[in-house]
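Asks: I'll drop the sequence and a predicted model, then ask my questions.
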Amino acid sequence: MKKDLFNNTYVGWMEQGPESNIVISSRVRLARNLQNMPFPQRLHEKTGLEIINLIKKAWQADDKFLLKDMDWLGFDQLSELDRTILMEKHLVSPGHAQSSKSYNGLLVNHDGSISIMINEEDHLRIQCLLPGLQVQECLQQANEVDDILEERLDIAFDEQRGYLTSCPTNVGTGMRASVMLHLPAIAITGQLNQLVHHINQLGMIVRGIYGEGSEATGNFFQLSNQITLGQMEHDIGSNLVAMTRQIVQQEQILRDNLNRHMRIQIEDRVGRAYGVLTNARMITSNEALTHLSDLRLGVDLGIIEDISLSVLNELMVAIRPAHLQRIAGSQMDALSRDVNRAKVIKEILQSGHNSVQTADE
Amino acid sequence: MNCEECNQRPATIHLTQMFNGKKEETHLCEHCAAKKGAMLFNTDEFSIPNLLGSFLGYQVNPSGAKGAQTAANICSSCGSCFADITKTGKLGCADCYNTFVQELEPTLRRIHGNSQHIGKIPARGGGKVLIKKQIEKLKEQLQEAVGGEKYELAAEIRDSIKNMEKELG
């Protein structure tokens, strides 16, 4: 299973789920810390390894499938390339992927739907990542893992402040819920800035696909809650779902309008995107994402019929630098990366069947 | 006026910067300003930890004496002082929440609009908190039972509240 995670592009969230023409994936993460231990940024190796041992013991002691299904990956055992592959699949944060400390690591299940980052910003970051709009399902599964671990770990908790976290922006529930959205119609019709402005006023954040500080290329956005203290977990989840549903509805109306009144222009745009993606000899990551965005819209509007949304989800990750290098089996400079990227895209798009299926076998 | 950098093109961009209370003015042409831009507007300044750090620091300094005094405190568990926290925007350990309770309170309110947790309570570690919550709930049910003149039920609820309060000690 470990091998699959690094050799194949496919992970669970790339499947199709509820509203997955617009909502690519949902995620909930819970930040937890052990009592009487300094937070990760003040850790020395000895205490850091102690923490890992405590967590590993708690994980191994339980025989529920949820935890049995997980594998341990110590970051000092992984190459930088492997860690970056995990990051590109959204299983670890960009910051965590850069660390090769012996007390950094990841517990992850077979399809990447549940993962626990160890000693990132907090001792434990329990994450559940599912396809489509499934925020409450994510919360439920993350809670389950949290409950099991708490049976054996003394978690830092305060009556008034709730779960104590390294950063005060996470204290309370320690919960961050997010959805990954594809909003081409809102972008094409120039309503994006307005939308982002309103969302921020309602206590939520819009970011690029790789979280904090990343760009929103290809009209892919991550929407998440900002407030973690003074709200119930379930309410944080349902607020996010309510907001997402509204955005989805708006995007859907605009897509319908574009389809009805500007079908030819959209067909042209989608066709050009397909043309570039299947004929380019070299292509940058940004250009590819931009065209993949158009292609995705084309699939949803029935302009393109033989490509599935999950293949496109997979492509979004397959074109990232670490995944390209894995396929090529060697370090590459920017030019050969672009060449390889064009090759990979062409192969996946023209093979007709998706590589998601081959990865399943 | 010509650009201070290249001395060739006219200066069209005028920057005023404050360094330790001293005003410094810079006059540049568009070309040189763009080149210098990355340096002047160091984007790292706006990273989350930095912003949060200044958020935290802001609470301490203006209040003068009292702020200065608590800012010198050191967390006995992890050895962090408040300056460390304002620098990184991160606390050193769980006990920092107690050590720096005064400094953190306004920050938490600013970030979350709230400073009382009402969400999940760990089943084991939550111990007393959980029992307290259950008692609160039972008390509500007791009121309802009394209001509805269900006295037998009310007596039952009263007994379980008593038992739980014993547990709390």
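Replies: Sure, I can see it.

Asks: residue contacts, residue B:10?
Replies: B:1-3, B:29 (Cβ atoms under 8 Å, 6 or more residues apart in numbering or on different chains). Any C-beta I mention is one placed from the backbone N, CA and C, and that applies to glycine too.

Asks: can we see that at 10 Å?
Replies: Counting by Cβ atoms under 10 Å, 6 or more residues apart in numbering or on different chains, residue B:10 makes contact with B:1-3, B:27, B:29-30.

Asks: kindly report the same for residue A:124.
Replies: Per Cβ under 10 Å, 6+ apart, neighbours of residue A:124: A:29-34, A:51, A:55, A:58, A:107, A:116-118, A:145-146, A:149-150, A:153, A:155, A:174.

Asks: grab the longest helix from the chain for me.
Replies: Defaulting to chain A. Taking DSSP state H as the criterion, chain A has its longest helix at helix A:233-261.

Asks: right idea, wrong chain: chain B
Replies: Taking DSSP H as the criterion, chain B has its longest helix at helix B:127-147.

Asks: quick one: contacts of the following helix or strand past it?
Replies: Per DSSP states H and E, helix B:127-147 leads on to helix B:151-168 as the next helix or strand towards the C-terminus. Helix B:151-168 is contacted from outside by B:127-128, B:131-132, B:134-148, B:150, using Cβ under 10 Å, 6+ apart.

Asks: just the buried ones from the residues you listed?
Replies: Buried members of the contacts of helix B:151-168, scored by 16 or more other Cβ atoms under 10 Å in any protein chain shown, are B:132, B:135, B:138, B:141-142, B:145.

Asks: one step back: how about the contacts of residue B:10 in a markdown table, adding secondary structure, pLDDT and neighbour count?
Replies: A markdown table is the format used below for the contacts of residue B:10 (DSSP: H, G, I helix; E, B strand; the rest coil; pLDDT from 0 to 100; neighbours: other Cβ atoms under 10 Å in any protein chain shown):
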| residue | secondary structure | pLDDT | neighbour count |
| --- | --- | --- | --- |
| B:1 | coil | 78 | 8 |
| B:2 | strand | 82 | 13 |
| B:3 | coil | 81 | 20 |
| B:27 | strand | 80 | 17 |
| B:29 | coil | 76 | 20 |
| B:30 | helix | 71 | 13 |
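
Asks: in its sheet, which strands sit next to the helix or strand where residue A:128 lies, and in what direction?
Replies: Assigned by DSSP H and E, residue A:128 falls within strand A:124-131. Sheet pairing of strand A:124-131 (DSSP bridges) gives strand A:23-32 (antiparallel), strand A:114-118 (antiparallel).

Asks: only alpha carbons, please: show the first one as CSV.
Replies: When you say that, I think you mean strand A:23-32. Extracted in CSV, the C-alpha atoms of strand A:23-32 (Å, rounded to 0.1, in the frame of the first residue of the first chain):
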residue,chain,number,x,y,z
VAL,A,23,-17.0,20.6,-5.4
ILE,A,24,-13.9,18.5,-5.9
SER,A,25,-13.3,17.4,-2.4
SER,A,26,-14.1,18.1,1.3
ARG,A,27,-11.8,18.0,4.2
VAL,A,28,-11.9,18.3,8.0
ARG,A,29,-8.9,18.4,10.2
LEU,A,30,-8.7,18.4,13.9
ALA,A,31,-5.6,19.8,15.7
ARG,A,32,-4.7,18.0,18.9
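
Asks: where does the stretch 201-350 of chain A dip in pLDDT?
Replies: Counting by pLDDT under 70, the stretch 201-350 of chain A contains low-confidence residues at A:210-216.

Asks: identify the bridge partners of the closest residue to chain B within the stretch 51-200 of chain A.
Replies: Residue of the stretch 51-200 of chain A nearest chain B, by Cβ to the nearest Cβ: residue A:162 (2.9 Å). Applying DSSP bridges to residue A:162 gives these bridge partners: residue A:158.

Asks: that one contacts residue A:30, doesn't it?
Replies: No. The pair residue A:162 / residue A:30 is not scored as a contact, 11.2 Å apart, by Cβ atoms under 10 Å.

Asks: where does the residue nearest the centre of chain A land in three-state SS?
Replies: Compute the mean C-alpha point of chain A, and by Cα atoms, centre = their mean the closest residue is residue A:90, 3.8 Å away. State at residue A:90, reduced to three classes by DSSP: H, G, I helix; E, B strand; the rest coil: coil.

Asks: that one - nearest residue in space that isn't next to it in sequence?
Replies: residue A:129 (6.4 Å; Cβ to Cβ, 6 or more residues apart in numbering or on different chains).

Asks: what's the neighbour count on the one you found?
Replies: Number of residues near residue A:129 (other Cβ atoms under 10 Å in any protein chain shown) recorded here: 26.

Asks: just residue A:333 next, same as before
Replies: Residue A:333 sits with 7 neighbouring residues when counted by other Cβ under 10 Å.
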